[in-house]
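**Q** one predicted model, sequence on top.
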Amino acid sequence: MPTVAPYDIEGHVVTTAFLGNTAFFAAASGEIHRLDGGAKVTEAHHGLLTCVRDPFSPSLLTGGEDGRVLRISATGDVTELANVPRKWISNVAGGPQGAMGYAIGRSSFVRLADGTVKEFTESRTVEAIAFAPKGLRLAAARYNGVSLHWAGMAAEPMDLEWKGAHTAVTFSPDGRFVVTAMQENALHGWKLDGVKNSDEARHMRMTGYPAKVKSLSWSPKGKWLASSGAPAAIVWPFSGKDGPMGKAPLELGTRADIMVTQVAFHNTDEILAIGFIDGMILGVRISDGKEALLRRPGKGAITSLGWSASGRLLAFASEAGDCGVVDIAG
């Protein structure tokens, strides 16, 4: 049976993630908590807006109401990467070769490992950013589509157009697909294979959600894309050359009218952790749909899920601050 070690934090917790086998919790207050031989707290921001685990390095990237962008190491050390007074930083992303990105208004910025900063401007406000898995390529989601910028060269951006507001963006692990979450309770995707301009991009429409999609997670090898926004985790198949087109998604962890708020694939196995609006967490195996209760309902909606490097521990955060770590091996 899985066992839960609770960890209570005052107020809304934005993100949880593991750096190695140490669990971190980023609170909206600006405090970074880490469970490293006991609880330790780092004062990072005067109001934290976003925190992501850098997929390319063992660190966290944060942005705040204080206009600062920070990198938090596994030992809790803080490095300031940007400081833009009187601006709120609500979008950050980790990139390859020590690069990272952040967005302010209609501009996205790529900070290279040597400290050089490159700015890319859009016609509309940048809502989300993400780096491709290979190469210094940044996706900037905005109204009516996504711009793909090469940060290491002076090439023209590729425009992926689709009408509507795009509020999140992600590359598939193999770099073949770009997928966005939209304001209109839908996902939209583009197949990039062989694309030379936006007209040749193959569109992928993933609709039917009763609510906005706020959480996306790829399976370890990119065969599946899990999403929130329904009373089940909606998991789209991406193993074919055309992605999910013409195929129905899996619906995992269905719970009547209780909405899924977070999804997180295990780092090596096709097991999906599903967090719900009532604080409950399920683990579901893709191959047969078998479910395991990882945590009973709590005080608030699950706001973040993160697996440890070993894949044995699952950290969870909530909007009410009742957080913790699940040992799935018991």
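**A** Structure received.
**Q** strands of the stretch 201-330 of the chain, start to end?
**A** Ranges of strands in the stretch 201-330 of the chain, per DSSP state E, counting those that start in this stretch, are 202-206, 216-218, 224-227, 233-237, 250-252, 260-265, 271-276, 281-285, 291-295, 302-307, 313-318, 322-327.
**Q** using a markdown table, lay out these together with mean pLDDT, mean neighbour count and distance to A103.
**A** In this view, the C-beta of every residue, glycine as well, is placed from N, C-alpha and C. What follows is these, written out as a markdown table (pLDDT from 0 to 100; neighbours: other CB atoms under 10 Å; distance: least, CB to CB, whole Å):
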| stretch | mean pLDDT | mean neighbour count | distance to A103 |
| --- | --- | --- | --- |
| strand 202-206 | 92 | 16 | 24 |
| strand 216-218 | 98 | 20 | 18 |
| strand 224-227 | 98 | 25 | 22 |
| strand 233-237 | 98 | 23 | 26 |
| strand 250-252 | 97 | 18 | 32 |
| strand 260-265 | 98 | 26 | 22 |
| strand 271-276 | 98 | 26 | 26 |
| strand 281-285 | 98 | 21 | 31 |
| strand 291-295 | 97 | 17 | 33 |
| strand 302-307 | 98 | 25 | 20 |
| strand 313-318 | 98 | 27 | 23 |
| strand 322-327 | 98 | 21 | 27 |
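**Q** quick one: low-confidence ranges for this structure?
**A** 194-201 (pLDDT under 70).
**Q** the same query, at a cut-off of 50, please.
**A** Scanning the chain for pLDDT under 50 picks out the ranges 198.
**Q** distance to V117 for the strands of the stretch 201-330 of the chain - can I get that in JSON lines?
**A** Listed next are the strands of the stretch 201-330 of the chain as JSON lines, based on distance: least, CB to CB, whole Å:
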{"stretch": "strand 202-206", "distance to V117": "33"}
{"stretch": "strand 216-218", "distance to V117": "27"}
{"stretch": "strand 224-227", "distance to V117": "31"}
{"stretch": "strand 233-237", "distance to V117": "35"}
{"stretch": "strand 250-252", "distance to V117": "41"}
{"stretch": "strand 260-265", "distance to V117": "31"}
{"stretch": "strand 271-276", "distance to V117": "35"}
{"stretch": "strand 281-285", "distance to V117": "39"}
{"stretch": "strand 291-295", "distance to V117": "41"}
{"stretch": "strand 302-307", "distance to V117": "28"}
{"stretch": "strand 313-318", "distance to V117": "31"}
{"stretch": "strand 322-327", "distance to V117": "34"}
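**Q** out of those, which gets nearest to I9?
**A** Taking CB to CB, strand 322-327 is the member of the strands of the stretch 201-330 of the chain nearest to I9, at 5.8 Å.
**Q** can you list the strands that the closest one pairs with?
**A** strand 3-8 (antiparallel), strand 313-318 (antiparallel) (DSSP bridges).
**Q** out of the ones you listed, which comes closest to A128?
**A** strand 313-318 (19.7 Å).
**Q** ok, residues contacting the closest one?
**A** 13-18, 21, 23-25, 264, 273, 275, 279, 281, 283, 294-295, 298-308, 323-328 (CB atoms under 8 Å, 6 or more residues apart in numbering).
**Q** same deal with stretch 146-166?
**A** Outside stretch 146-166, the residues touching it (CB under 8 Å, 6+ apart) are 95, 99, 108, 110, 112, 118, 120, 122, 127-128, 135-145, 169, 178, 180-184, 188, 190, 195, 197-198, 201, 203.
**Q** quick check: the gap between the nearest residue to S287 once chain neighbours are set aside and K290.
**A** Of all residues not flanking S287 in the chain, E270 sits nearest, at 6.5 Å (CB to CB, 6 or more residues apart in numbering). Plainly put, E270 is 12 Å away from K290 if you go by CB to CB, to the nearest Å.
**Q** before we move on, what about G240?
**A** 25 Å.
**Q** tally of neighbours for A165?
**A** Around A165 there are 16 other residues, counting by other CB atoms under 10 Å.
**Q** circling back: E270 and K290: which is more packed in?
**A** Taking neighbours as other CB under 10 Å, E270 and K290 compare with E270 leading, 16 against 11.
**Q** go ahead and confirm the more buried one touches W224.
**A** Yes: look at E270 against W224 with CB atoms under 8 Å: they come within range, at 6.9 Å.
**Q** overlap in contacts, these two.
**A** Joint contacts of E270 and W224 (CB under 8 Å, 6+ apart) are I286.
**Q** and the helix or strand where F120 lies, what does it pack onto?
**A** Using DSSP states H and E, F120 maps to strand 117-121. Applying 3 or more CB pairs under 8 Å, 6 or more residues apart in numbering; DSSP states H and E, one finds that strand 117-121 makes contact with strand 107-111, strand 137-150.
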